[in-house]
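Q: Next one to model:
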Amino acid sequence: MDARKLETIPLFRDLSRKEREQIARWADEIDLPAGFHLLDQGRFPHEFFVIEEGTVAVTKDGVHLTDLGPGDFCGEIAILEHERRTASVVAATPVTAIVMHARDFETMANELPEVADMVHAAIRDRMAR
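A: Below you'll find the predicted structure:
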């Protein structure tokens, strides 16, 4: 993935060029059609997603919780908590996303504590809702 694209993502924009280049080595950029299931509630975690373009719908127990769009991310809770997925996420429109496998996400969280802090803050915010 092109590290320059990470400059536009709020989660990564304040990192140094070198740190964004490292993340780019851990991540891939993918295009997904509308209706694609990024995450399924109850499944084991394998990926973390950051939305670049498009919209995804988040549901829990079949109830719509929210929509996520460019700059938003999902999949982090189950990876960090070593639990099954807490919600389902489905592409509402065609989506371009950054995807990182769980092992690479955990490495990123350990090696770049400022990113981990932002992810943990987002988790606290989501759990408070």
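
Q: So the nearest residue to Phe49 once chain neighbours are set aside, which state does it fall into?
A: Spatially, and ignoring its direct neighbours in sequence, Phe49 is nearest to Ala97 (4.8 Å; C-beta to C-beta, 6 or more residues apart in numbering). Every residue, glycine included, has its C-beta placed from N, CA and C. Assigned state for Ala97: strand (three-state reduction, DSSP: H, G, I helix; E, B strand; the rest coil).

Q: Now do the contacts for Ala97.
A: 29-30, 32, 38, 49-52, 54 (C-beta atoms under 8 Å, 6 or more residues apart in numbering).

Q: Mind listing the residues bridging to it?
A: Beta bridges link Ala97 to Ile30, Ile51, judged by DSSP bridges.

Q: ok so, going back, distance to Val119 and neighbour count for the contacts of Ala97 - can I get that in a markdown table?
A: Conversion of these to a markdown table gives the following (distance: C-beta to C-beta, whole Å; neighbours: other C-beta atoms under 10 Å):
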| residue | distance to Val119 | neighbour count |
| --- | --- | --- |
| Glu29 | 19 | 14 |
| Ile30 | 20 | 16 |
| Leu32 | 21 | 20 |
| Leu38 | 17 | 22 |
| Phe49 | 12 | 23 |
| Val50 | 10 | 24 |
| Ile51 | 15 | 23 |
| Glu52 | 17 | 19 |
| Gly54 | 21 | 19 |
